[in-house]
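[1] Please find the sequence and the predicted model below.
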Amino acid sequence: MHLAQWQNSFMAALGPEGCDEEFLSLVNPRESARLEIYRNNTLQALKATLIKAFPICERIVGESCFAKMAQDYLNVNPMQESNLNHYGEGFPRFIEGILDTNSAFIGLEYLAELAQLEWIFLKSYYAADGVSCSELTQIAGLSERQQEDIVMVLRPDIFIRDSIFPLYEIWLNHQQTKDHVEIDMPQERYCFCIYRDPFKPRVERLTRSEYEVLKAVDAEETLGEMTEAECDMTPLPELIGKGWICGFRLREPR
């Protein structure tokens with residue numbers, strides 16, 4: 001018996017409708033009753049993982065509703081790997097499907113994007129502390145031509161998003177230490193940044209110019225390309241001062 005075969009069969013059997021025939025053929029048939037215990041424990045662990053990953057979404061729809069959503073998600077998204085921190089990445093897309101087909105969620109059109117925000121929180125939390133790049137102080141030693149080929153590098157825990165929904169205010173209203181913030185549905189897109197400071201992910205609203213600079217940096221545009229696109233780089237020094245832009249590299253010739 002190969003260990004990989006045993007592990008794959010075991011994982012396949014743990015799903016809510018998992019097929020256990022292959023796995024039971026590899027072990028003593030008298031152990032079949034124990035498999036149901038493992039299956040139930042696994043499902044409960046996955047539900048708890050979703051609750052931990054999307055606590056604000058659970059608060060908004062209520063425990064029983066969220067439990068039903070989680071169960072429905074588990075039924076069609078079995079665990080594919082052993083790291084529970086990776087489970088739930090597809091949950092925001094799953095919520096999108098619910099919003100499109102269930103009238104009970106009218107008024108919660110923002111829920112899928114809020115779930116995406118909560119998932120990004122986890123990504124930011126587990127992101128690397130740094131990335132290999134040149135220090136910003138080295139820019140002074142480059143020629144003008146080289147400076148045009150500079151690609152600024154975002155810190156790994158930095159994620160930028162924009163939305164028609166006031167996700168920052170929604171998030172803020174569900175923080176226990178904050179007073180209630182009135183939410184007006186915007187007529188333009190809200191821009192915000194998720195970052196880790198120093199160990200806890202946070203959200204910060206961005207101006208449109210800050211968002212455009214960070215978006216260009218995230219897209220790995222060079223300073224020359226940003227200048228040609230008439231990108232307003234006024235916020236750049238402040239973003240560097242915050243440590244969100246942690247270094248640079250030179251664009252390799254294409």
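    Right, received. Where do you want to start? Numbering: from 1, shown residues only.
[2] And stretch 93-109, how far out from the chain middle?
    A distance of 20 Å separates the centroid of the chain from that of stretch 93-109, by Cα atoms, centre = their mean, to the nearest Å.
[3] Can you give me the first-to-last residue distance of it?
    Taking Cα to Cα, to the nearest Å, stretch 93-109 runs 13 Å from one end to the other.
[4] what kind of secondary structure is P156 in?
    Local secondary structure at P156 is given as coil here, using DSSP: H, G, I helix; E, B strand; the rest coil.
[5] list the contacts for it?
    Neighbouring residues of P156 by Cβ atoms under 8 Å, 6 or more residues apart in numbering: A127, A128, D129, G130, V131. Where you see a C-beta, it was placed from the backbone N, CA and C, and this is true even at glycine.
[6] what does Y195 give?
    Going by Cβ under 8 Å, 6+ apart, Y195 touches S124, R155, D157, I158, F159, P201, R202, E204, W244.
[7] go again using 6 Å as the cut-off
    Listed by Cβ atoms under 6 Å, 6 or more residues apart in numbering, the contact partners of Y195 are D157, I158.
[8] helix/strand/coil for it?
    Of the three states, Y195 takes strand under three-state DSSP.
[9] Now do the helix or strand hosting I95: which elements does it pack against?
    According to DSSP states H and E, I95 maps onto helix 91-101. Packing partners of helix 91-101 (3 or more Cβ pairs under 6 Å, 6 or more residues apart in numbering; DSSP states H and E): helix 111-126.
[10] The helix it packs on packs against which elements?
    Here helix 111-126 touches helix 91-101, strand 190-196, strand 201-206, going by 3+ Cβ pairs under 6 Å, 6+ apart.
[11] These into TSV, with extra columns for mean pLDDT and distance to E113?
    Listed next are the helices and strands packed on helix 111-126 as TSV, based on pLDDT from 0 to 100; distance: least, Cβ to Cβ, whole Å:
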stretch	mean pLDDT	distance to E113
helix 91-101	95	7
strand 190-196	94	10
strand 201-206	91	13
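[12] Comparing those, which stretch has the densest surroundings?
    Mean neighbour count (mean count of other Cβ atoms under 10 Å) peaks for strand 190-196 among the helices and strands packed on helix 111-126, with a mean of 21.
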